[in-house]
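In: Compute the structure for the input listed below.
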Amino acid sequence: MWQPTANFETLRLRAEIIAKIRNFFIARGLLEVDTPLLCHATVTDLHLHSFQTTYQNDDHSPKEILYLQTSPEYAMKRLLAAGSGPIFQICKAFRNSGESGRLHNPEFTMLEWYRPDFDHHDLMDEMNDLLQEILNVGPAERLSYEEIFIKYLAINPHSCTADELKNKAQQHGIKEIPNFDSKNKDNWLFLLISHVIEPQLGQTVPIFIYDFPTSQAALAKIRQDNPPVAERFEVYYKGIELANGFHELTNAEEQAKRFAQDLVLRKNSNHPSVPIDQYLLAALSYGLPDCAGVALGIDRLIMLALCKKNIADILSFTIQNA
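Out: Sure thing, here's the model as predicted:
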């Protein structure tokens, strides 16, 4: 158990790939930044759970709860609001999801970058360039969220009902899970995309899925089409999700509203409440430039680039022997 899980040739190749990623952004004029991993607030997202610890400044002050960050997003947006210009970061991130296995480790390496004056399509163009260089593949495919559901399930995800999605799931042998709200349409969309669609995606070249339902907007802008869509994307290769990108929401009031809605969902799901990041909201109020940003899992990217089957094969140590 004391020995590394990856061999040294793999670790050498890992270092080369990370250096190549760093050089890719430096050559394009992005500033590499370094933001705190331990903060006073964390994400409110229902599906993300943070590690927390206590900090005591001195013997007379009360202990403070601090959170290991699930991504450097909030701090990087504060830099953007302060006038940083285009930035990128390669850092550790932490998610307390209870998952560890072929594609998951609670501590992992994240690449995140932001481009002022880009929308999500511009950022997909740049990510396409990066993926071709690192994975040695051809240009990526692109399909909207609506197109992907019509192609693989013959159903429109925007106009269908929860019952229609439930029937599709049953046709593919998917059963409800414990504490599953079957009336929540998004729950069925998540199940169908993860169990039916995702394994088929990007088998030859990567594929971008873009323009999600507004109920899955997270931190993305909403475009008032018919129907309205969230301006965000995900990218897959060999059936594995690699990245999640957004044309970023810049409105502080709307962001505060979404955070509050998240906390209601967390309470209804018996998840612990977490503090809203007031520093981020202050930065948005000051003025976040129109921009697009994306977070990419470097461990998964390296695993695919080196044709490995398990992220343990490209990590020095996993959670099991850390």
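In: burial measure for residue 262, as a count.
Out: Other residues lying near residue 262 total 21 when counted by other C-beta atoms under 10 Å. Glycine gets a C-beta too; all of them are placed from N, C-alpha and C.
In: who's in contact with the most centrally placed residue in the chain?
Out: Nearest to the mean C-alpha position of the chain, by C-alpha atoms, centre = their mean, lies residue 244 at 4.2 Å. For residue 244, the contact set (C-beta atoms under 8 Å, 6 or more residues apart in numbering) comprises 232, 233, 234, 294, 295.
In: Check which helix or strand residue 247 maps to.
Out: strand 240-247 (DSSP states H and E).
In: Show the subsequent helix or strand relative to that strand.
Out: Next helix or strand after strand 240-247 toward the C-terminus (DSSP H and E): helix 252-268.
In: Give the buried residues for that following helix.
Out: Across helix 252-268, burial judged by 16 or more other C-beta atoms under 10 Å covers 252, 255, 256, 258, 259, 262, 263, 266.
In: wait, which of the residues you listed is closest to residue 35?
Out: Of all the buried residues of helix 252-268, residue 35 sits closest to residue 255, with 18.4 Å by C-beta to C-beta.
In: Make sure that closest one is actually in contact with residue 282.
Out: No: the pair residue 255 / residue 282 is not scored as a contact, 11.0 Å apart, by C-beta atoms under 8 Å.
In: re earlier: possible to save the buried residues of helix 252-268 as TSV with distance to residue 120?
Out: Shown next, in TSV, are the buried residues of helix 252-268 (distance: C-beta to C-beta, whole Å):
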residue	distance to residue 120
252	21
255	17
256	22
258	18
259	21
262	21
263	26
266	27
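In: Of the residues you listed, just say which sits nearest to residue 105.
Out: Set against residue 105, the nearest of these by C-beta to C-beta is residue 266 (23.9 Å).
In: got the contact list for that closest one?
Out: For residue 266, the contacting residues are 44, 46, 272, 273, 274, by C-beta under 8 Å, 6+ apart.
In: Please determine how far it is located from residue 255.
Out: Distance, residue 266 to residue 255, by C-beta to C-beta, to the nearest Å: 16 Å.
In: same thing with residue 6?
Out: 39 Å.
In: Spit out the contact partners of residue 78.
Out: Contacts of residue 78 by C-beta under 8 Å, 6+ apart are 279, 280, 283.
In: Residue 160 now?
Out: By C-beta under 8 Å, 6+ apart, the contact set of residue 160 is residue 185.
In: pLDDT score for it?
Out: Reported pLDDT at residue 160 in the predicted model: 96.
In: what's the answer for residue 318, then?
Out: pLDDT, residue 318: 96.
In: isn't it right up against residue 99?
Out: No: using C-beta under 8 Å, residue 318 is not in contact with residue 99, being 12.0 Å away.
In: about what we covered before: could you list the buried residues of the strand holding residue 247?
Out: Per 16+ other C-beta under 10 Å, strand 240-247 contains these buried residues: 240, 241, 242, 243, 244, 245, 246, 247.
In: so how far is residue 105 from the fifth one?
Out: This means residue 244. 18 Å.
In: contacting residues for residue 218?
Out: Counted by C-beta under 8 Å, 6+ apart, residue 218 has contacts 45, 230, 232, 246, 258.
In: scratch that, residue 289 is what I was asking about
Out: 80, 81, 116, 117, 250.
In: and the second one, what are its phi and psi?
Out: In this case it means residue 81. When read as degrees, to the nearest 10, the backbone of residue 81 gives phi -60, psi -30.
In: give the contact list for it.
Out: By C-beta under 8 Å, 6+ apart, residue 81 lies in contact with 283, 284, 286, 287, 288, 289.
In: out of everything not next to it in sequence, what's closest to the fourth one?
Out: Of all residues beyond its chain neighbours, the one nearest residue 287 is residue 81 (6.0 Å), with distances taken as C-beta to C-beta, 6 or more residues apart in numbering.
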